[in-house]
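K.L.:
here is a sequence together with a model predicted from it:
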Amino acid sequence: MPPRQNVFLELTDDPPPPQHCRHGRVRARLPAPRQRSGWIKLNTNENPYPPSPQVRAAILAELGADGENLRKYPDPGSRLVRAAAADLYGFPVDWLITANGSDELLNNLIRACTGEGEEIGYVHPSYSYYATLAEIQGRGYGLSG
């Protein structure tokens, strides 16, 4: 498997040096040995844009004037968001799962669908963390492509 590489994007109006790829105001650089100020690290899902005003307002409203909601753990069953998603998409609530990001969902999927020592398969190129997740769970992995 090829080594994992970081991809950084920088929003800029400056012309890039020749080793960069430029599309409009965005230029990409690969590989990137370290994080720099003003660069967006795509392989960790950094977003170049701030949240919308509606999202910001909803977060501040949920926080409350005194920040009281920050001292509590969120509902581990995510009942409100699962109920809203079930209603929106027409699925039973017990068909839906929430997690703290895609890595947690992928870990759960690997544990649920394979036993220790079994292999998972995925195509290449693909998400570079599949092999790491398989190894963490004691599973092998095979590449296709």
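P.N.:
Perfect, thanks for sending it.
K.L.:
low-confidence stretches in this structure?
P.N.:
1-45, 145 (pLDDT under 70).
K.L.:
just the helices in it please.
P.N.:
Residue ranges of the helices in the chain, as given by DSSP state H, are 53-63, 79-89, 102-113, 130-136.
K.L.:
show me the one of the ones you listed that comes nearest residue 73.
P.N.:
helix 79-89 (13.5 Å; CB to CB). Where you see a C-beta, it was placed from the backbone N, CA and C, and this is true even at glycine.
K.L.:
list the contacts of the closest one.
P.N.:
91, 92, 93, 95, 96, 98 (CB atoms under 8 Å, 6 or more residues apart in numbering).
K.L.:
any chance of those residues in a markdown table, plus neighbour count and distance to residue 77?
P.N.:
A markdown table is the format used below for the contacts of helix 79-89 (neighbours: other CB atoms under 10 Å; distance: CB to CB, whole Å):
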| residue | neighbour count | distance to residue 77 |
| --- | --- | --- |
| 91 | 12 | 16 |
| 92 | 8 | 14 |
| 93 | 13 | 10 |
| 95 | 10 | 14 |
| 96 | 15 | 10 |
| 98 | 15 | 8 |
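K.L.:
ok so, going back, just name the most buried of the helices of the chain.
P.N.:
helix 130-136 (a mean of 17; mean count of other CB atoms under 10 Å).
K.L.:
CA atoms only for it, dumped as PDB, please.
P.N.:
Output in PDB follows, covering the C-alpha atoms of helix 130-136 (Å, rounded to 0.1, in the frame of the first residue of the first chain):
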ATOM      1  CA  TYR A 130      -9.200   1.600   6.400                       C
ATOM      2  CA  ALA A 131      -6.000  -0.400   6.900                       C
ATOM      3  CA  THR A 132      -5.400   1.300  10.300                       C
ATOM      4  CA  LEU A 133      -8.900   0.600  11.500                       C
ATOM      5  CA  ALA A 134      -8.600  -3.100  10.400                       C
ATOM      6  CA  GLU A 135      -5.300  -3.400  12.300                       C
ATOM      7  CA  ILE A 136      -6.800  -1.800  15.400                       C
END
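K.L.:
fine by me, we can end here.
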